[in-house]
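>>> my questions concern the predicted model and sequence given below.
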Amino acid sequence: MPTRILCIIIFCCTFSSCSCFLESSYDRFSADLLNDHDRIMQEGDSYFYRTRYSTITGQEALCTFTQFSGCDTIYRLSVHTKSSLTLNVSIEVDTEQFRLVLVDQNRNRLIPIQHGSATAAYTIQLERGYYAMKMVGYCADGVLSLQLHTSEEVEILPSN
């Protein structure tokens, strides 16, 4: 009898702590993140996806996701001399709480690329230094498609 009660107590504690852990990891995110310069500028990423399917190659990325919240780096760029970056961007999301940004790590500056759903081409002038291209969102479902066109002075690095 005492063994059975002990097993029930252990079982209940285990599942209640797992539930609390899962909820607290998701609750770290809020819509305020989209305008939180300091959190977006952090080198490390923090994010949650219900589902994510992505193909990211040297100059093209395709990500399909559900319930994305947080900051996720897609590309890192090392710019050796002043250069330009041309982006073809197509984003289709179910919320305005989604942004694509470029983080200028040397100058502590955020360069907004796109907010919400749209299809567009952008040309961005880059100074020498390191950059991170990030998705930032809260409870977003959607598809992101990117094509990067750069000169030889821009090295595209793995995001991890």
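Yes, it's here. All values reported here derive from a predicted model rather than from experimental measurement. Numbering: from 1, shown residues only.

>>> what are the phi and psi values at Ala31?
Main-chain torsions, Ala31, degrees, to the nearest 10: phi -60, psi -20.

>>> please renumber the chain so that the first residue is 106 from this point on.
Sure, I'll start counting at 106 from here, so that last one is Ala136.

>>> show me what contacts the nearest residue to it once chain neighbours are set aside?
Leaving aside its sequence neighbours, Ala136 sits nearest to Tyr243 (CB to CB, 6 or more residues apart in numbering; 4.6 Å). (Glycine included, C-beta is placed from N, CA and C.) By CB atoms under 8 Å, 6 or more residues apart in numbering, the contact list for Tyr243 reads Phe134, Ser135, Ala136, Leu138, Leu139, Ser174, Thr200, Gln202, Phe203.

>>> ranking the residues you listed by neighbours, who comes first?
Phe203 (26 neighbours; other CB atoms under 10 Å).

>>> just the pLDDT at Thr224, thanks.
We have a pLDDT of 97 for Thr224.

>>> for it, which non-adjacent residue is closest in space?
Ser195 (4.4 Å).

>>> quick one: list the elements packing against the helix or strand hosting the one you found.
Here Ser195 sits within strand 188-198, counting by DSSP states H and E. Helices and strands touching strand 188-198, as assessed by 3 or more CB pairs under 8 Å, 6 or more residues apart in numbering; DSSP states H and E, comprise strand 203-209, strand 214-220, strand 223-231, strand 234-255.

>>> may I see the buried residues of whichever helix or strand comes after the longest one?
Think strand 234-255. Following strand 234-255 in sequence order, the next helix or strand is strand 259-262 (DSSP H and E). Residues of strand 259-262 classed as buried: Val259, Ile261 (neighbour count, 16 or more other CB atoms under 10 Å).

>>> then stretch 139-158?
So, applying 16+ other CB under 10 Å, buried residues of stretch 139-158: Leu139, Ile145, Met146, Tyr152, Phe153, Tyr154.

>>> what about those residues, which are in helices?
Ile145, Met146 (DSSP state H).

>>> max pairwise distance over the buried residues of stretch 139-158: which two?
Among the buried residues of stretch 139-158, the pair separated by the greatest distance (CB to CB) is Met146 and Tyr154, at 21.6 Å.

>>> residue contacts, the spatially most central residue of the chain?
Compute the mean C-alpha point of the chain, and by CA atoms, centre = their mean the closest residue is Asp177, 2.0 Å away. Applying CB under 8 Å, 6+ apart to Asp177 gives the contacts Asp150, Tyr152, Lys239, Met240.
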